[in-house]
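Asks: no sequence for this one, just the structure:
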Ligand SMILES: CC(=O)SCCNC(=O)CCNC(=O)[C@H](O)C(C)(C)COP(=O)(O)OP(=O)(O)OC[C@H]1O[C@@H](n2cnc3c(N)ncnc32)[C@H](O)[C@@H]1OP(=O)(O)O
Ligand SMILES: O=C([O-])CC(=O)C(=O)O
């Protein structure tokens with residue numbers, strides 16, 4: 001069989017059919033099941049968006065109520081998961097803990113090996129509810145605080161903030177967080193989703209796929225960029241540096257600026273539009289424009305110098321900071337949302353599966369090379 005060499009990083013390669021998410025990177029369009037992200041950010045909720053991703057259409061009022069109820073009912077962490085969260089060393093990061101806890105969730109699932117459509121949907125409710133709980137509960141435990149019981153009357157976004165902070169969130173905080181969850185929920189064949197699909201395509205279970213996806217999300221070229229962005233803002237602030245000059249120096253040192261650039265978008269990332277607006281609004285409400293103004297200066301400079309646009313991670317950093325969220329929770333929070341998309345993709349993969357197994361262009365020593373016995377080397 002003949003082979004075709006793909007470009008480095010598989011840029012521009014179409015690796016699967018999917019009916020979940022469509023992106024036009026030149027026009028800056030993102031849609032879930034054909035519905036524009038701007039419409040969803042304006043009118044939808046995380047629950048409704050997740051229903052859309054999993055079931056392919058918007059729910060009616062009864063279906064949405066039922067869906068939200070099922071998601072809320074799955075807010076029950078097995079005590080063994082809580083034992084794990086209590087037992088990790090103080091140096092463990094939330095992202096390490098999340099990756100491990102998602103894997104452990106599979107051991108307490110009733111039928112890990114069942115990859116049927118219905119079993120995958122059932123597991124998706126549990127994973128979506130419990131990933132959010134793991135992030136919130138671990139943060140309470142590491143800070144020596146009591147664990148806050150889940151409140152089934154609250155939405156997914158409000159319950160997360162409630163379990164994290166032990167206070168009922170304001171309407172503004174809840175809506176801001178809900179929109180952030182909608183914006184991060186899916187993004188076609190990004191690295192973590194591709195990883196999930198590759199794992200699922202071996203007919204491994206959804207927990208294995210999502211554990212792998214959490215690992216892929218962690219990297220600073222992907223979901224880890226939101227934490228790296230905030231660390232950059234803190235570094236500039238600490239030095240009292242001019243943001244543009246600081247970034248100019250980074251360019252001179254050939255460093256990448258987290259939160260900029262994208263493999264698919266060659267224009268404004270449509271999610272950044274909302275996160276920029278929310279960051280500005282929260283800054284005004286807080287009477288603290290520091291992070292927003294610094295971000296704007298960096299954005300303008302990077303655009304002028306390198307023609308690069310801010311991606312989803314850039315303004316999520318200041319948005320989460322203004323919501324009072326710790327920096328090392330940013331990437332776990334990305335997973336709190338993206339699990340909806342990962343689940344949709346694993347369901348789609350298992351529903352019409354073929355092993356994903358590309359080829360490598362061999363560039364090593366010529367074949368056949370001699371095997372030299374160890375005593376002669
Ligand atoms: C949720 C997400 O995953 S969104 C992306 C989050 N990641 C980041 O924000 C990290 C910073 N950005 C990047 O590293 C990249 O833009 C990526 C990983 C997002 C996309 O990578 P690729 O499509 O492989 O682009 P690549 O890294 O090859 O960049 C192309 C050119 O633009 C430059 N470039 C791209 N992004 C940046 C950046 N953030 N800062 C400085 N230069 C950049 C590269 O140095 C390269 O320049 P060159 O051609 O002169 O060598
Ligand atoms: O699509 C990508 O490559 C990265 C991204 O923006 C995402 O996963 O949200």
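Replies: Yep, that arrived. Please read these numbers as outputs of a predicted model, since none were measured by experiment. Ligands and ions are numbered 1, 2, ... in the order given.

Asks: residues contacting the closest residue to ligand 1 within the chain?
Replies: Residue nearest to ligand 1 within the chain: residue 261 (2.2 Å; C-beta to the nearest ligand atom). Yep, even glycine has a C-beta here, placed from its N, CA and C like the rest. When contacts are counted by C-beta atoms under 8 Å, 6 or more residues apart in numbering, residue 261 touches 308, 309, 311.

Asks: and if you look at residue 130?
Replies: 74, 75, 76, 77, 81, 105.

Asks: Check the gap between the residue most central in space within the chain and residue 99 for me.
Replies: Of all residues in the chain, the one closest to the mean position by C-alpha atoms, centre = their mean is residue 334, 3.3 Å from it. Taking C-beta to C-beta, to the nearest Å as the measure, residue 334 and residue 99 are separated by 13 Å.

Asks: if we can go back for a sec, so which of the contacts of residue 261 are in strands?
Replies: Among these, no member is found in strands (DSSP state E).

Asks: from the residues you listed, which are also near ligand 2?
Replies: residue 311 (C-beta under 6 Å from any ligand atom).

Asks: top of the contacts of residue 261 by neighbour count?
Replies: Per-residue neighbour counts (other C-beta atoms under 10 Å) across those peak at residue 311, which has 24 neighbours.

Asks: Check this structure for its longest helix and report it.
Replies: For the chain, the longest helix by residue count, based on DSSP state H, is helix 117-142.

Asks: tell me the mean pLDDT over that helix?
Replies: Averaging pLDDT along helix 117-142 yields 98.

Asks: Could you give the separation of that helix from the chain centroid?
Replies: Relative to its chain's centre, helix 117-142 lies at 14 Å (C-alpha atoms, centre = their mean, to the nearest Å).

Asks: which parts of it are buried?
Replies: Using 16 or more other C-beta atoms under 10 Å as the test for burial, helix 117-142 gives 119-142.

Asks: again with stretch 165-173
Replies: Buried residues in stretch 165-173, counted by 16+ other C-beta under 10 Å: 165, 169, 173.

Asks: Show me which residues of the protein are close to ligand 1?
Replies: Checking the chain against ligand 1 by C-beta under 6 Å from any ligand atom, the hits are 9, 190, 221-223, 225, 256-263, 306, 308, 311-313.

Asks: mind running it again at 8 Å?
Replies: With the criterion set to C-beta under 8 Å from any ligand atom, the chain comes near ligand 1 through 9, 11, 184, 187, 190-191, 220-226, 228-229, 250-251, 254-263, 269, 302, 306, 308, 311-314, 334.

Asks: Could you pick out which of those are located in helices?
Replies: Among the residues of the chain next to ligand 1, the members that lie in helices (by DSSP H) are 184, 191, 225-226, 228-229, 250-251, 302, 306, 312-314, 334.
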